[in-house]
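**Q** what's the 3D shape of this:
(2 chains)
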Amino acid sequence: MVLNVQALTGGYSRTPVIKDLSFTLAAGTITALIGLNGAGKSTTIKHILGLLTPQKGSITLNDLQVQQQPEAYRQQVAYVPEMPVLYPALTLREHLEMTMMAYNLDSKQAWQAATPLLKQFRLDKRLDWFPANFSKGMQQKVMIVCAFMIPATLYIIDEPFTGLDPIAVHDLLTLITQAKSRGAAILMSTHVLATAQQHADQFLLLHQGQLVAQGDLPALRQTFKLPQASLEDIYLKMTEMRAAQ
Amino acid sequence: MTKLWQQRLQRQQRLMLRYLRLVFNEFFMIAVFILLGGAAYSYAGYIKTLTAPLWWSRPLVLILLLVLLTVGHFATLLQAADSLFLLPQESALKGYLKQAFSHSVPLPWVLLSFVCGFLVPFLEIGGGRSLISIGVLWLSVLILKLGQLWGQVVQLYLPTTQFRSQQVTFYGLSLLSLGLGLYSWPALGFVFSILTASISRWRLQQVQQQHLFQWQLALNQEASRMLQIYRFFNLFTDVPQLQGQIKRRRYLQPLLRWTTGRTTNPFLYLNWRGFLRGTEYSGLYLRLLVIGAIVLLFLQQVWLALVIALVFSYLIGFQLLPFYRSYWDYPQQRLYPQPASRRQQAFLKFLTPLFVGIWLVFSLAAYQLWLAPFGWVIILGVGVFNVAFLKLYVPNWLKRHEN
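**A** Predicted structure coming up:
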């Protein structure tokens, strides 16, 4: 098991945003984190990244806890945020070099890993440009390249498809699948349910900070007693049921 | 829309007042009075040396006035979100722009009147013009500025290519009007200035009926106008709106290679790039370093020079410290598998050459005092102070500010 989240309760203040979440991510799997706006997806991600401290419960990544061994824990996680955050003073090349230094990567090997990614996302001609001046979609591609050049065991991708053109969405999905076949675990929060249904191995359905259901598609169909349903049908049913409660 | 303009104007005036208070502090006012007094005194002295009309006086004034006509922009106070939220109100925008126009006139008029007043003795003696004709010329200049401002509103409606020909006509007629005022019949020049301004006014009415308001152009112009104002204020104080300005500065690449060429510390790599390519902290460092050095160049007393050098060293060091937190809002900074101690080491390593720079520049600036009794205390004092600041004060400050 790559990631093990046990009875996690947490949030930004004393009032918890996420309550008693327990789930695991296995090596070589893609997990889709699904929920309405404000359901607690980003808060869950921030806890896994170690940006927030849990009020209760524990998070273990390959037997490491972020509070105890922060550097070793972080060495294994790569993250693509929903909103690209880039250093205004660094060029694209320098962003990559900075990532190499920060993650203690061997420069030669890292460039070998980054070069095909740069070509794939059509960034290879812009190495000396300042990405802070790129369009939002292009900035997102820079964040993707910076994350996927790291040989992490866990990739966390927050709303990966917003702002990307169809080719880039396709390229990102290829990258995710490659990372999966390498044995990494991928956690992505998304609203694009059709894509999630097609590519994810398991789903975590969050509603008002609680994990309502989890498992693969057949398991979810069984839970909601919808034998032929798509992920979208299940999702709508879940929100209706919760609203009725 | 009238209410909106009033709100915007009030907010703008509050903002300007805040900055003006910072700029026009007592020291600055004293410096301005001394400078103005000195300039007025030498100008008066120069006028006294003039005996006969000078052939170049009138062309010079003509060029000066034409250039000054371009000073002073039409202030719309429009904001980026307006292009979305005010779009349905485009017809009501005319009223808003009218108010903006009335607000934009007085300041350039004051400036132009001040310059015309300054030119009176020069034009009387050097240009051989009568006081009445200079007065009429002054009125012409004010009317032409009115026309120029109307032209700026026209620009916000017209495609750039069409606007260019309008500009040529305006400045051509202005040249004719001012030329007539300076060389022959001022009254005719005045009539021409009214004609020129009227053409601009008539053209504005015409374009407002025929063309749509160019939101993007108007927003860009307002942004660049505000940027100019902020740049001015930034000479005296910190302007938050100017932060984040980044310049490539390729000529500093060798310096970057020297400082970070072999480093494996990502924070040092980032610090140097942020410092050299940003305007805020590098500007501050250079400004204080240059001012300190200039003051030291003129000081004759060793102990006073030492105090000044130490005060400036402390000021520079103290002002650089917040740079440590410049990148704290970036989530990746907290995700890097790097201990906090590495960030602190990087900052100390980044500050070291900057402090060596302070020591070298201040020691060299006090060169006159090297051979004076106790002259060496400046070199030694600044050196000891800088080492103590770096080795004792900064590490403590970094620990205190880590979280």
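
**Q** lowest-scoring secondary structure element of chain B by mean pLDDT?
**A** helix B:26-49 (a mean of 78; mean pLDDT, DSSP states H and E).

**Q** give me the residues contacting it.
**A** B:118, B:121, B:122, B:125, B:236 (Cβ atoms under 8 Å, 6 or more residues apart in numbering or on different chains). (C-beta placed from N, C-alpha, C; glycine too.)

**Q** need phi/psi at the closest residue to chain A within the stretch 101-250 of chain B.
**A** In the stretch 101-250 of chain B, the residue found nearest to chain A is residue B:246; the distance is 4.8 Å by Cβ to the nearest Cβ. Torsion angles at residue B:246 (phi, psi; degrees, to the nearest 10) stand at phi -120, psi 130.

**Q** now do residue A:136
**A** Residue torsions, per degrees, to the nearest 10, at residue A:136 are phi -60, psi -40.

**Q** so who does the closest residue to it other than its chain neighbours touch?
**A** Distance criterion Cβ to Cβ, 6 or more residues apart in numbering or on different chains; nearest residue to residue A:136, sequence neighbours excluded, is residue A:163 at 4.7 Å. Shown in contact with residue A:163 (Cβ under 8 Å, 6+ apart): A:136, A:137, A:140.

**Q** within range of chain B, give me the residues from chain A.
**A** A:49-51, A:70-75, A:77, A:79, A:81, A:85, A:87-90, A:94, A:97-98, A:101-104, A:130, A:132 (Cβ under 8 Å from any Cβ of the partner chain).

**Q** make it 6 Å
**A** Residues of chain A lying close to chain B (Cβ under 6 Å from any Cβ of the partner chain) are A:71, A:74, A:75, A:79, A:85, A:88, A:89, A:90, A:98, A:101, A:102.

**Q** quick one: which of the contacts of residue A:163 has the most company?
**A** Most neighbours among the contacts of residue A:163, by other Cβ atoms under 10 Å in any protein chain shown: residue A:140, with 25 neighbours.

**Q** go through the helix or strand encompassing residue B:11 and flag the buried ones.
**A** Residue B:11 is part of helix B:2-23 when elements are defined by DSSP states H and E. Across helix B:2-23, burial judged by 16 or more other Cβ atoms under 10 Å in any protein chain shown covers B:4, B:5, B:8, B:19.

**Q** what is the least confident helix or strand in chain A?
**A** helix A:231-244 (a mean of 88).

**Q** and stretch B:232-240, C-alpha only, in CSV?
**A** Output in CSV follows, covering the C-alpha atoms of stretch B:232-240 (Å, rounded to 0.1, in the frame of the first residue of the first chain):
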residue,chain,number,x,y,z
PHE,B,232,7.4,58.2,-9.4
PHE,B,233,6.2,57.4,-5.9
ASN,B,234,8.4,54.3,-5.9
LEU,B,235,11.4,56.6,-5.9
PHE,B,236,10.5,57.7,-2.4
THR,B,237,8.5,54.8,-0.9
ASP,B,238,7.4,51.2,-1.3
VAL,B,239,4.5,50.9,-3.8
PRO,B,240,2.8,47.5,-3.4
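
**Q** Three-state assignment for residue A:157, please.
**A** Per DSSP: H, G, I helix; E, B strand; the rest coil, the local secondary structure of residue A:157 is strand.

**Q** my read: residue A:190 touches residue A:198, true?
**A** No. Here residue A:190 lies out of contact with residue A:198, judged by Cβ atoms under 6 Å, at a distance of 11.4 Å.

**Q** for chain A, what spans make up the helices?
**A** Applying DSSP state H to chain A gives helices spanning A:41-49, A:70-74, A:92-102, A:107-120, A:136-148, A:166-181, A:193-199, A:217-224, A:231-244.

**Q** then the stretch 301-403 of chain B?
**A** With helices called from DSSP state H, counting those that start in this stretch, the stretch 301-403 of chain B shows them at B:302-320, B:331-335, B:340-365, B:376-388, B:394-400.

**Q** can you give me the buried ones in the third one?
**A** What it means is helix B:340-365. Of all the residues in helix B:340-365, those buried under the rule 16+ other Cβ under 10 Å are B:342-347, B:349-351, B:354-355, B:358-359, B:361-363, B:365.

**Q** and if you look at the second one?
**A** Of the residues in helix B:331-335, those buried under the neighbour-count criterion (16+ other Cβ under 10 Å) are B:332, B:333, B:335.

**Q** next one: the fourth one
**A** Along helix B:376-388, the positions that meet the burial threshold by neighbour count (16+ other Cβ under 10 Å) are B:377, B:378, B:379, B:381, B:382, B:383, B:385, B:386.

**Q** what sits against the second one?
**A** Read it as residue B:378. B:305, B:306, B:309, B:366 (Cβ atoms under 6 Å, 6 or more residues apart in numbering or on different chains).

**Q** pipe those residues into TSV and attach distance to chain A and pLDDT per row.
**A** TSV is the format used below for the contacts of residue B:378 (distance: Cβ to the nearest Cβ, whole Å; pLDDT from 0 to 100):
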residue	distance to chain A	pLDDT
B:305	36	88
B:306	36	91
B:309	31	91
B:366	34	89
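
**Q** with neighbour count added, can I get those in CSV?
**A** Output for these, formatted as CSV (neighbours: other Cβ atoms under 10 Å in any protein chain shown):
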residue, neighbour count
B:305, 26
B:306, 24
B:309, 28
B:366, 23
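
**Q** sketch out the low-pLDDT regions of chain A for me.
**A** Judged by pLDDT under 70, chain A has no weakly predicted residues.

**Q** can you list the domain ranges for it.
**A** Following automatic domain parsing, chain A resolves into domains at A:1-76+A:152-217, A:83-151.

**Q** would TSV of those domains with distance to residue B:93 be doable?
**A** Formatted as TSV, these follow (distance: least, Cβ to Cβ, whole Å):
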stretch	distance to residue B:93
domain A:1-76+A:152-217	32
domain A:83-151	29
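
**Q** picking that back up, of the residues of chain A next to chain B, buried ones?
**A** Burial by neighbour count, judged by 16+ other Cβ under 10 Å, picks out A:74, A:75, A:79, A:88, A:89, A:90, A:98, A:101, A:102 from the residues of chain A next to chain B.

**Q** gap between residue B:361 and residue B:300?
**A** Computed as Cβ to Cβ, to the nearest Å, the residue B:361 to residue B:300 distance reads 19 Å.

**Q** just the helices in the stretch 151-300 of chain B please.
**A** B:160-183, B:186-210, B:215-234, B:253-260, B:266-277, B:280-298.

**Q** any buried residues in the shortest one, and which?
**A** What it means is helix B:253-260. So, applying 16+ other Cβ under 10 Å, buried residues of helix B:253-260: B:256, B:259, B:260.
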